[in-house]
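>>> With the sequence up front, the predicted model follows.
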Amino acid sequence: MLAIASQAIVPRVATRVVPRRRVPTRAAATSPSSLKPRGVVAQPAKRVAMRPAAAFAASVFAAKDDDDDWEDIDPDDIEFLDGEFVVEAFDDEDQLAKALCAEVEENAKACLAERSGFTLAVPGGSVAKALAGLKDAKGIDWSKVHLFFVNERVPDGKCYKLAMDTWVSAVGMPDANVHKPDAGGTVEEEAAAYEAQMRTLAEGDDDVMMLDEVNGLPVFDLILLGMGADGHVGSIYPDSDALKDETGAAVLGVDMPGKRSITMSLPLINTAERVVVAASGTKKAETVRAVLEDDESELPGACVDAFSTIFFLDSGAASKLVAYAEEEE
């Protein structure tokens with residue numbers, strides 16, 4: 001494994017205003033020595049938080065409603081919490097796959113130690129296949145884990161079928177906890193129905209999931225993403241309507257030739273507590289370089305900006321990064 005130096009990483013600034021930390025991240029739940037066995041933490045992003053939560057959230061909404069560019073917010077009520085922006089490079093895809101499984105396992109245990117549920121969203125493709133190692137995970141109460149899909153073909157259900165065949169059935173997760181999209185409607189109807197599933201869970205009597213107190217979107221504990229050679233994540237493609245969407249919806253319908261699907265929106269992805277973006281192979285190296293090193297990149301992968309944003313790369317995908325080349329030398 002080659003660790004990527006921090007100077008190669010573009011620091012990102014979170015603009016989302018949030019009331020508090022809802023759940024412990026891996027950093028809060030494990031010892032410092034166990035946090036960086038595979039890479040290094042780059043320059044931290046910043047996240048804005050409020051205190052006290054309810055009063056400050058009210059002032060934020062009042063300022064927004066007045067359309068005065070939030071001028072009514074008292075600076076004394078604002079504090080900055082350090083987030084993290086991490087890039088880790090692994091020797092090969094097998095090591096990357098093990099790291100993805102470790103992310104799920106560690107974050108699930110941390111959340112379930114504090115709350116009655118853990119919410120996870122996964123894509124299909126190579127990331128879904130990499131999660132096969134979860135069959136060997138120990139100490140996770142899968143009856144308290146709720147699984148959603150970052151994107152899904154409708155009505156095919158390809159991501160659902162792949163997850164079930166790869167690891168979900170093996171770990172014994174209850175069927176009711178595997179949230180698959182309904183089938184039969186338009187992509188817009190499917191998207192609305194899937195968002196409703198998230199909100200129903202968030203509005204329940206327990207504390208499985210919460211709604212962000214500012215943007216009102218469901219807050220996932222962990223979202224895994226795979227990034228394509230063109231920079232797409234989920235079903236959000238470069239220059240697409242989904243990338244440019246400003247509706248604030250959590251889930252969007254995508255009606256492309258041969259790819260009728262729904263996808264989590266970027267605002268929903270960026271509202272998550274932790275997001276891991278995985279990419280492997282030399283065919284993605286230039287895209288990875290653009291996403292991580294071009295300040296002006298508008299590729300979907302470059303727009304991923306959660307409080308805790310992690311990039312997992314294999315050596316091929318990392319090969320064109322400046323820091324990787326310096327490390328090789």
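Looks like it arrived, so ask away. Residues are numbered from 1 along each chain as shown.
>>> what stretches of the stretch 1-150 of the chain score poorly on pLDDT?
1-82 (pLDDT under 70).
>>> Kindly recompute the last result at 90.
1-84 (pLDDT under 90).
>>> Report pLDDT for residue 278.
Note on residue 278: pLDDT of 98.
>>> if I look at it, how far off is residue 134?
15 Å (CB to CB, to the nearest Å). Where you see a C-beta, it was placed from the backbone N, CA and C, and this is true even at glycine.
>>> And for residue 150?
Counting by CB to CB, the gap from residue 150 to residue 134 is 16 Å.
>>> Neighbour count: the two, which is higher?
More neighbours surround residue 150 than the other of residue 150 and residue 134, with 27 against 22 (other CB atoms under 10 Å).
>>> Pretty sure that one sits against residue 121.
Yes: under the criterion of CB atoms under 8 Å, residue 150 makes contact with residue 121 at 5.1 Å.
>>> is it true that residue 311 touches residue 86?
Yes: between residue 311 and residue 86 there is a contact under CB under 8 Å: 6.9 Å.
>>> out of the two, which sits in the busier spot?
Taking neighbours as other CB under 10 Å, residue 311 and residue 86 compare with residue 311 leading, 28 against 21.
>>> did I read that right, that one in a helix?
No: using DSSP: H, G, I helix; E, B strand; the rest coil, the secondary structure at residue 311 is strand, not a helix.
>>> Which residue, other than its chain neighbours, is closest to it?
Counting by CB to CB, 6 or more residues apart in numbering, residue 87 is the residue found nearest to residue 311 once chain neighbours are left out, at 4.5 Å.
>>> For residue 258, see how far away the one you found is.
Residue 87 is 33 Å from residue 258, by CB to CB.
>>> Neighbour count: these two, which is higher?
Applying other CB under 10 Å to residue 87 and residue 258 shows that residue 87 carries more neighbours, namely 26 against 5.
>>> Which of the helices or strands spans that one?
strand 84-90 (DSSP states H and E).
>>> could you say what helices and strands that strand packs with?
Applying 3 or more CB pairs under 8 Å, 6 or more residues apart in numbering; DSSP states H and E, we find strand 84-90 packed against strand 2-3, strand 40-41, helix 93-112, strand 308-314, helix 315-318.
>>> how far does the helix or strand just after the longest one sit from the chain's center?
Beyond helix 93-112 in the direction of the C-terminus, DSSP H and E gives the next helix or strand as strand 118-122. Strand 118-122 has its C-alpha centroid displaced from the chain centroid by 9 Å (CA atoms, centre = their mean, to the nearest Å).
>>> how many other residues sit next to the closest residue to residue 271 other than its chain neighbours?
Once flanking residues are discounted, residue 271 sits nearest to residue 217: 4.6 Å by CB to CB, 6+ apart. Residues lying near residue 217 (other CB under 10 Å) number 24.
>>> do the one 5 residues further on as well
Neighbourhood size, residue 222 [other CB under 10 Å]: 27.
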